[in-house]
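>>> sequence isn't available, so here's the structure alone:
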């Protein structure tokens with residue numbers, strides 16, 4: 001009789017302990033579930049934002065070119081000038097070109113940033129395109145050093161306010177090798193008065209240059225869009241958590257009744 005009573009007391013304690021464990025675990029499970037759902041929803045919002053951004057960029061790069069003055073006005077007002085098509089004309093000063101280290105179509109080399117002197121006396125740096133590593137010297141691509149007034153089209157590109165990553169090497173101005181687009185340094189190295197340089201760049205389109213170099217149209221528009229995958233992952237983890245918690249609850253209730 002005493003053994004049976006002791007057993008009942010033990011079972012009661014076990015049941016109570018199981019119920020307490022379930023109640024203590026519930027807030028934690030709920031908190032994690034809310035967090036997972038929030039992360040999934042945030043990724044969905046990011047997905048819509050990224051798709052809208054990509055659509056906007058596609059619209060910009062296929063739009064009719066606008067005058068350079070329109071890009072200036074937009075930049076001065078704080079607007080987004082990235083990837084907007086622009087038409088401009090002027091005279092290149094090839095003696096002051098700057099070399100940006102780059103990889104294009106699997107080949108190492110340089111983007112050639114050349115000052116273009118406008119009719120009003122100001123200057124804008126134009127990324128004329130890519131040359132292979134062994135064609136860094138101008139003498140090896142003399143045919144492409146066009147003279148006189150030229151007209152071109154391209155994409156406006158914003159300047160960088162600072163070095164984008166500490167992992168990038170410092171620009172080597174002594175060797176005329178840039179690892180990030182430092183407009184102030186390029187302007188100083190070229191010996192141009194800063195007040196006479198427009199505060200953005202232009203990437204020339206793929207219109208061929210004499211001799212084939214530089215090769216224009218090098219703008220890379222590669223915006224990774226993995227937000228749907230991330231959203232599915234977070235929502236999947238939330239579903240898994242609900243299933244695991246559900247099984248644990250059912251088993252706990254079943255054990256407490258046995």
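That came through fine. Everything numeric in this text was worked out from a predicted model, so none of it was measured.
>>> helix or strand for residue 29, which one?
In this structure, residue 29 is located in helix 2-61 according to DSSP states H and E.
>>> what is the subsequent helix or strand relative to that helix?
The first helix or strand that comes after helix 2-61 along the chain, using DSSP H and E, is strand 66-67.
>>> now the element after that next one, going C-ward?
The C-terminal neighbour of strand 66-67 among helices and strands, as given by DSSP H and E, is helix 68-76.
>>> buried residues in the helix or strand containing residue 126, which are they?
In this structure, residue 126 is located in strand 123-132 according to DSSP H and E. By neighbour count on 16 or more other CB atoms under 10 Å, the buried set for strand 123-132 is 123, 124, 125, 126, 127, 128, 129, 130, 131. C-betas here are computed from N, CA, C, even on glycine.
>>> could you do stretch 27-42 as well?
Across stretch 27-42, burial judged by 16+ other CB under 10 Å covers 29, 33, 36, 37, 39, 40.
>>> could you do stretch 142-150 as well?
Judged by neighbour count using 16+ other CB under 10 Å, the buried positions of stretch 142-150 are 144, 145, 146.
>>> tabulate those residues (a markdown table), appending distance to residue 227 and pLDDT.
A markdown table is the format used below for the buried residues of stretch 142-150 (distance: CB to CB, whole Å; pLDDT from 0 to 100):
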| residue | distance to residue 227 | pLDDT |
| --- | --- | --- |
| 144 | 41 | 92 |
| 145 | 45 | 93 |
| 146 | 44 | 94 |
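>>> what about those residues, which are in strands?
When DSSP state E defines the strands, the subset of these inside them is empty.
>>> mind putting those residues into CSV with distance to residue 152?
Putting the buried residues of stretch 142-150 into CSV (distance: CB to CB, whole Å) gives the following:
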residue, distance to residue 152
144, 13
145, 15
146, 10
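>>> who's in contact with residue 61?
Applying CB atoms under 8 Å, 6 or more residues apart in numbering to residue 61 gives the contacts 83, 85, 155, 221.
>>> got a list of what the last one touches?
Remark: with contacts taken as CB under 8 Å, 6+ apart, residue 221 is in contact with 57, 61, 83.
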